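Peer 1: coords please:
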Amino acid sequence: MGAAGLAILAALAAAPPDPGGRIAESAAAAEALQGGLDGAWRLESAGGQTLFVFQIADPADGSGPQGAWRAGRGDGVGPLARVRRAGGSLWLEFDAGGGMTRVVLRRAGRSRWKGRISGPLGDLAVTLRPVARLAGAWPPV
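Peer 2: Below you'll find the model as predicted:
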């Protein structure tokens, strides 16, 4: 083994690995690459019924959010035609069959949005809340 190999072994022996610290650093770096809308969201009626579930990718590089929707009953999926955020407002548009559905929301707390949905379902008051996401899967309805 050469001098370089011995130096590497000595460095490894002198600094025991700290997997917890590395995991925390990796998680912080990953979070820095995501915007505030990144993840799974549930759109609920005023009565608490899940109308739609959204999976949104919100890169922190400023390229803008994009995503997909799934009907609350699980009988339809598709891309979001438009996701726009400006200040404390958020707009989502998608075709859930029967025409465009529009969701207009205002921030109502740290991780909650309130507003209205209009389209084939009619015009309803709604709340958008984050939900836990199962790895590689849509969140449960």
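
Peer 1: contacts and neighbour counts: CA atoms only from here.
Peer 2: Will do.

Peer 1: Do a quick rundown of the helices in the chain.
Peer 2: In the chain, the helices defined using DSSP state H lie at 3-14, 19-32.

Peer 1: Point to the helix or strand of this protein where mean pLDDT is at its lowest.
Peer 2: Ranked by mean pLDDT, DSSP states H and E, the weakest helix or strand in the chain is helix 19-32, scoring a mean of 51.

Peer 1: What about the residue lying closest to Pro65 once chain neighbours are set aside, how many residues nearby?
Peer 2: Among residues not flanking Pro65 along the chain, Asp58 sits closest, at 4.2 Å (CA to CA, 6 or more residues apart in numbering). The local packing of Asp58 (other CA atoms under 10 Å) involves 20 other residues.

Peer 1: Asp58 reaches Arg84, doesn't it?
Peer 2: No - counting by CA atoms under 8 Å, Asp58 does not reach Arg84; the two are 10.6 Å apart.

Peer 1: residue contacts, Phe94?
Peer 2: By CA atoms under 8 Å, 6 or more residues apart in numbering, Phe94 lies in contact with Trp69, Gly78, Pro79, Leu80, Ala81, Arg82, Met100, Thr101, Arg102.

Peer 1: Which pLDDT value goes with the residue nearest to the fifth one when sequence neighbours are not counted?
Peer 2: The shortest distance from Ala81 to any residue other than its chain neighbours is 4.9 Å, reached at Phe94 (CA to CA, 6+ apart). Here, the pLDDT recorded for Phe94 equals 95.

Peer 1: on that earlier part again, the contacts of Phe94 in strands, which ones?
Peer 2: Residues from the contacts of Phe94 lying in strands, with DSSP state E as the criterion: Trp69, Gly78, Pro79, Arg82, Met100, Thr101, Arg102.

Peer 1: re earlier: Throw together a ChimeraX command that grabs the buried residues out of the contacts of Phe94.
Peer 2: Those of these that count as buried under 16 or more other CA atoms under 10 Å are selected in ChimeraX with:
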select :69,79,80,81,101,102
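
Peer 1: Could you identify the most distant pair in the contacts of Phe94?
Peer 2: Greatest spatial distance among the contacts of Phe94 (CA to CA): Gly78 and Arg102, at 14.2 Å.
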